[in-house]
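Peer 1: need a 3D model of the following:
(chains A, B, C and D)
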Protein chains: 4
Amino acid sequence: MIIVMKKGADKEQLAEVKKRIRELGYKPHVIHGETRNVIGAVGDERGKSVLQTLEVMPGVESVVPILKPYKLASREVKPEPSTFDIGGGVLIGGENLVVMAGPCSVESEEQILETAHAVKAAGATVLRGGAFKPRTSPYSFQGMEEDGLKLLALAREATGLPIVTEVVNPRDVELVARYSDIMQVGARNIQNFALLKMLGRLDKPILLKRGMATTIQEFLMSAEYILAEGNRRVILCERGIRTFETATRNTLDISAVPVLKEQTHLPVVIDPSHATGHASLVPSMCYASVAAGCDGLIVEVHPHPEKAASDGPQSLRPMEFAAMMEKLRAFASVAGKKL
Amino acid sequence: MIIVMKKGADKEQLAEVKKRIRELGYKPHVIHGETRNVIGAVGDERGKSVLQTLEVMPGVESVVPILKPYKLASREVKPEPSTFDIGGGVLIGGENLVVMAGPCSVESEEQILETAHAVKAAGATVLRGGAFKPRTSPYSFQGMEEDGLKLLALAREATGLPIVTEVVNPRDVELVARYSDIMQVGARNIQNFALLKMLGRLDKPILLKRGMATTIQEFLMSAEYILAEGNRRVILCERGIRTFETATRNTLDISAVPVLKEQTHLPVVIDPSHATGHASLVPSMCYASVAAGCDGLIVEVHPHPEKAASDGPQSLRPMEFAAMMEKLRAFASVAGKKL
Amino acid sequence: MIIVMKKGADKEQLAEVKKRIRELGYKPHVIHGETRNVIGAVGDERGKSVLQTLEVMPGVESVVPILKPYKLASREVKPEPSTFDIGGGVLIGGENLVVMAGPCSVESEEQILETAHAVKAAGATVLRGGAFKPRTSPYSFQGMEEDGLKLLALAREATGLPIVTEVVNPRDVELVARYSDIMQVGARNIQNFALLKMLGRLDKPILLKRGMATTIQEFLMSAEYILAEGNRRVILCERGIRTFETATRNTLDISAVPVLKEQTHLPVVIDPSHATGHASLVPSMCYASVAAGCDGLIVEVHPHPEKAASDGPQSLRPMEFAAMMEKLRAFASVAGKKL
Amino acid sequence: MIIVMKKGADKEQLAEVKKRIRELGYKPHVIHGETRNVIGAVGDERGKSVLQTLEVMPGVESVVPILKPYKLASREVKPEPSTFDIGGGVLIGGENLVVMAGPCSVESEEQILETAHAVKAAGATVLRGGAFKPRTSPYSFQGMEEDGLKLLALAREATGLPIVTEVVNPRDVELVARYSDIMQVGARNIQNFALLKMLGRLDKPILLKRGMATTIQEFLMSAEYILAEGNRRVILCERGIRTFETATRNTLDISAVPVLKEQTHLPVVIDPSHATGHASLVPSMCYASVAAGCDGLIVEVHPHPEKAASDGPQSLRPMEFAAMMEKLRAFASVAGKKL
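Peer 2: Residues are numbered from 1 along each chain as shown, chains lettered A, B, ... in the order given. Now for the predicted structure:
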């Protein structure tokens, strides 16, 4: 933390601030500038947020944090990228490119089996599907719940694909864990810390979706909640942020890929379906994401998008998905990834 | 819903879209324009979101929603503003201006009692204080939990002020309800639908905080989750939205007050402390909010902001709060509100 | 500037950075932290942006600016608020509350005269009206240009109200200055530095509108462009920023009022018409702005909004404006302002 | 335009709105819904923005635009992609991938010549360099102006590369046109309509940069200003939009590529340097942009970024640029583009 003093701050004010810094367990280090003084507080980095309160002291103009508050998620603690098993021998991280695909919602046995076989044939290695659906409107379809989980398990049995599905309520963590290989935290729950802590105690990989208004630093702090409880298998998922632009559902923050790759060892996955909201935009965003260096994609595929219970407009048809995968292979190869 | 056809869409495509609209239970009504056709879908308004999937049909350019998806929260269902008891005979809505004040976190018996007496003396009618704290960092103070609730109850006993406190985990709803008069849903939980549904079944008023990236329409849809379960005592709280501006912690969306007043009968409260993040900006935002027509304020007050466990920089000292209240009375009077 | 070194940066890298800081004319001051070093650069504040390039040097993690880059606009250079004449003896700043009102566009002699008389009768002290209109679409009405300026001058003669009107092209500065009392810079031209510099050489007050995506710091830097050329009569105008919210045309950043009041001596005016985009929201935003401490308002008024050539939906009718002014007087009185 | 009537609107109100629609030259077409009526206005699409004013009529709830307001820029008017010469026989559009590279600012003969030779050797086909620099601070380097243009011309002579450079003042259009092959409009001037109109009358290609808060629709309307004056050689450039995220200078809106490709025939170029603000992020964003389907890149390259007069942190060194180009070739090949 850097404490910037006001231009006219006097000696007593400076002394008081230095005293308070020492009380909080840090060593003050004053730089005497031309028009004002600034103080560096030296000490344990993680607890430094308590220094923010110095802002209210007389003579203080502002308190400027200069260090990242996360630790376990950082490259400084673990310089090499994390690679781990996410179910059924599928690896994520390093040279592996993982494509997760399936419908937004599980709707019926026929629908999920048809989709699972189709995405597997096209090269996907994980099946996605929602059983608990957080919906903006209480009058919209809320998911098949446990019945949906059972159908996902059935599809896994039929195809061998591990499954990723969302958990929205801490109460359901155990239930969802019983059926799924990867537990998904949705964008709306990025700061549902009660949920994150419970998932941190599981022995399952977690797919953590960035919230619509979550900064990259906050995103890593949410990952830190899971890591700090002992679960080191966290997959970060960028799925678009909310901006002023309305041509797309959200704005895909593609530069989050290289930014995250610099700051963290955790694998990074892109969700182009929620990011764009329109199926026609999905393939080019898949190519771009892989070229940018991501470790995986999660893509919505539905056999009949015009009849989907949710997110129809952004779902690829199986044939469109297969065509996309075909071209993706070539981009992956240039990017140095195995698909 | 208005379905806009592409410029070159042919008769068969138009016929297919009309057919699908009928299958979904609506009546299609075509307007033949100069360069393209548009179709209005007539029928029950609330279920219309299913029509969005028509976007993927051949010949369709876009699907434009024209109606609001909420119902119980709307002025159309209940034209007159809601007024209700929020504990200890305190009324919110109509001519009543409610000021809720207290520390961000409950830290000790001494701190909460000192603050409670001070804010009561200055004219606050509800005591706020956090016992469960959702914090961005797992390494920050997370609240005193049940011990904090007990101290709040003690402060209520000592001052007669009803208390508002946050619940973050569906598991703790019953526990928090046992101690508090008003249950607060924080900005991070605005779309924690599991939590909202549980609160909808309580017989307690709910203070629902808008999320950092929540549109007003989504805000009302979240209120609708609570209302739809039977609990009609929902208080909406604007607390700043996330924008590109960094001079303030968030950007207070003051125009949300008249917008909400046009669209809903629910009372609207402003939180200038979280919106601005700096104590020096809080008083003027209190005045502005009351002039804009809000029904209440929720303000952070701490006897020693420089020693606060959380949110020190945005907390008023008791004397500053008292001075603000003094001037607020005059603004409230012009606004036609009783304080 | 604070230069943050990477965790593993070695002595040579530190030495190189210190050397480069000296070459740029600053004195390096190292703080040795627990896990990394940071360097403060001491010297003339205004030129410090050149230090930003140190970011590319080996061993440097980031470069953090800690000081404001503007000078003439700041309270540090001029602690007391600026008060000045804006035409016809009308003062802005200090205890004076100035209300500027009139149509978005000048459309006809009848329209501007009718409006000018009406807003004067209601208490406005400046007449607004656009003659050069920057419009998003090339197919929209672009203003009456010089004919519009002549009609504004006619309305000034008839009512005695000084006039404020926008200039969009550096080429027209002289022409617009010939007719107007206050020169307006629109939101789209906030960083049209060629225009700002020319206006800095005029002896006329300038109403500078914040851009849709302009931070408060950038806003003050644009004011600095005018001030640095010698013109000290700059009026800052907040008119809403662009956010994700669509219920309003823009989001009125009301907290910009107290933030600007802390940082600058320049008067601050609010434009609730462009901020909200809807006439029904304008009166409450006028009250809020005055309660927040602004020095003036600029409000769109049109005798027949449903026939306006531009911005009809956000224009008050003369009767609505008069009713708003009536109530505004009471709020202004509490705020300690003369209207 | 769709005019949505209020729930309780009566027959007279409906009749008045229909009458006003006819007065404005459109045919009203009423759809009688279950709870309210909506009116479609049929007629010439481009002038429909005048219908927005109906919002203020009694009984009207809202006015919803359903069509795009641009014409010449649209795929409807010109379905096939535009391909044109941008100087020295270099083509943009179709299968051609154009890489423009060079320093942010022209600083000296040595600097521009060294850079021009280096980027040419690496495969760039256009040289970029700023002579007129719009800078946030009046105290920052403002460019070499005409001397800079002369140095660019010298570099063109030496290398054969056509040059692209920015014009910021309508007054300088002729001067800049005398030296440059492509005229660049910067993000700050995206709605400087006086400048756009002048450029519309030139016989030079225009590189039009999207503003920081410009929607894609507004971006195309700005292009329309140029096209409507007769100049059909407009190149659209996405360079990042302003969001809440601070890890990057702006947020690269990569999905703008496929969105623009659907809506317009104009070529689309990406500027990853301004979008990210950090050189280390530039290569991966180049790869992603090409994979997404863009027609070109504009990249900042400087022989000594740590000594650059502007934008040093985001400039690649010549060797880094050459390495990026090497890998880019493979991605371009998969994307079906010639580099």
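
Peer 1: anything in stretch A:311-322 near chain D?
Peer 2: No. Remark: stretch A:311-322 sits outside contact range of chain D, by C-beta under 8 Å from any C-beta of the partner chain, the gap being at least 12.0 Å. Where C-beta positions appear, they are placed from N, C-alpha and C, glycine not excepted.

Peer 1: next one: stretch A:190-206
Peer 2: No. Figure legend: stretch A:190-206 not in contact with chain D (C-beta under 8 Å from any C-beta); closest approach 13.9 Å.

Peer 1: tell me the buried residues in that stretch?
Peer 2: The neighbour-count check on stretch A:190-206 (16 or more other C-beta atoms under 10 Å in any protein chain shown) flags A:190-200, A:202, A:204-206 as buried.

Peer 1: likewise stretch A:298-305?
Peer 2: A:Ile298, A:Val299, A:Glu300, A:Val301, A:His302, A:Pro303, A:His304, A:Pro305.

Peer 1: in strands only, show me these.
Peer 2: Mapping the buried residues of stretch A:298-305 onto strands (DSSP state E) picks out A:Ile298, A:Val299, A:Glu300.

Peer 1: who touches the last one in this structure?
Peer 2: Going by C-beta atoms under 8 Å, 6 or more residues apart in numbering or on different chains, A:Glu300 touches A:Ala101, A:Gly102, A:Pro103, A:Cys104, A:Arg128, A:Ser273, A:His274, A:Val282, A:Asp311, A:Gln314, A:Ser315, A:Leu316.

Peer 1: so which of those sits lowest on pLDDT?
Peer 2: Minimum pLDDT for those is recorded at A:Asp311 (83).

Peer 1: so how far is chain D from the closest residue to it other than its chain neighbours?
Peer 2: With C-beta to C-beta, 6 or more residues apart in numbering or on different chains as the criterion, A:Asp311 has its nearest non-adjacent residue at 3.8 Å, and that residue is A:Cys104. Distance of A:Cys104 to chain D, computed by C-beta to the nearest C-beta, to the nearest Å: 19 Å.

Peer 1: pull the number of nearby residues for A:Cys104.
Peer 2: Neighbours of A:Cys104 under the rule other C-beta atoms under 10 Å in any protein chain shown: 24.

Peer 1: for the one 5 residues further on, same thing?
Peer 2: Each residue near A:Glu109 was counted by other C-beta under 10 Å, and the total is 14.

Peer 1: and the residue lying closest to it once chain neighbours are set aside, which of the three is it?
Peer 2: Excluding the flanking residues, the one nearest A:Glu109 by C-beta to C-beta, 6+ apart is A:Leu151, at 5.5 Å. A:Leu151 carries the three-state label helix when classified by DSSP: H, G, I helix; E, B strand; the rest coil.

Peer 1: and stretch A:122-142, does that touch chain D?
Peer 2: No. Judged by C-beta under 8 Å from any C-beta, stretch A:122-142 stays clear of chain D, getting no closer than 15.4 Å.

Peer 1: let's see that stretch as PDB, backbone CA atoms only.
Peer 2: Listed next in PDB are the C-alpha coordinates belonging to stretch A:122-142 (Å, rounded to 0.1, in the frame of the first residue of the first chain):
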ATOM      1  CA  ALA A 122     -17.600 -34.400 -33.500                       C
ATOM      2  CA  GLY A 123     -14.800 -34.500 -31.000                       C
ATOM      3  CA  ALA A 124     -16.100 -33.100 -27.700                       C
ATOM      4  CA  THR A 125     -14.600 -34.700 -24.700                       C
ATOM      5  CA  VAL A 126     -16.900 -33.400 -22.000                       C
ATOM      6  CA  LEU A 127     -20.700 -33.200 -22.000                       C
ATOM      7  CA  ARG A 128     -22.400 -30.100 -20.600                       C
ATOM      8  CA  GLY A 129     -26.100 -29.800 -19.600                       C
ATOM      9  CA  GLY A 130     -28.000 -27.900 -17.000                       C
ATOM     10  CA  ALA A 131     -30.300 -29.500 -14.400                       C
ATOM     11  CA  PHE A 132     -30.600 -26.600 -12.000                       C
ATOM     12  CA  LYS A 133     -31.100 -23.400 -14.000                       C
ATOM     13  CA  PRO A 134     -30.800 -19.900 -12.500                       C
ATOM     14  CA  ARG A 135     -33.200 -17.900 -14.600                       C
ATOM     15  CA  THR A 136     -33.800 -14.100 -14.500                       C
ATOM     16  CA  SER A 137     -37.600 -14.700 -14.400                       C
ATOM     17  CA  PRO A 138     -39.400 -16.800 -11.900                       C
ATOM     18  CA  TYR A 139     -41.800 -17.700 -14.700                       C
ATOM     19  CA  SER A 140     -39.200 -19.300 -16.900                       C
ATOM     20  CA  PHE A 141     -38.200 -23.000 -17.000                       C
ATOM     21  CA  GLN A 142     -36.100 -23.700 -13.900                       C
END
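
Peer 1: mind picking the two most distant members of the buried residues of stretch A:298-305?
Peer 2: Greatest spacing in the buried residues of stretch A:298-305, by C-beta to C-beta: A:Ile298 and A:His304 (20.3 Å).

Peer 1: circling back to that earlier point, what is the nearest of the ones in strands among the buried residues of stretch A:298-305 to chain B?
Peer 2: A:Glu300 (11.8 Å; C-beta to the nearest C-beta).

Peer 1: and the nearest residue to the closest one once chain neighbours are set aside, what does it touch?
Peer 2: Counting by C-beta to C-beta, 6+ apart, A:Glu300 lies nearest to A:Ser273, which is 3.9 Å off, once chain neighbours are set aside. Going by C-beta under 8 Å, 6+ apart, A:Ser273 touches A:Cys104, A:Ala279, A:Val282, A:Ile298, A:Val299, A:Glu300, A:Asp311, A:Gln314, A:Ser315, A:Leu316.

Peer 1: does the second one touch A:Glu306 like I think?
Peer 2: No. With the criterion set as C-beta atoms under 8 Å, A:Ala279 and A:Glu306 do not qualify as a contacting pair; they are 10.9 Å apart.

Peer 1: joint contacts of the two?
Peer 2: Residues touching both A:Ala279 and A:Glu306 (C-beta under 8 Å, 6+ apart) are B:Val56.

Peer 1: who has more neighbours, those two?
Peer 2: It is A:Ala279, of A:Ala279 and A:Glu306, that has more neighbours when counted by other C-beta under 10 Å, with 25 against 20.

Peer 1: any figure for the gap between the more buried one and chain B?
Peer 2: Distance, A:Ala279 to chain B, using C-beta to the nearest C-beta: 6 Å.

Peer 1: how about that residue, phi and psi?
Peer 2: Per-residue torsions, A:Ala279: phi -50, psi -40 (degrees, to the nearest 10).

Peer 1: need the residues of the stretch 201-339 of chain A near chain C, please.
Peer 2: A:Arg242, A:Thr243, A:Phe244, A:Thr246.
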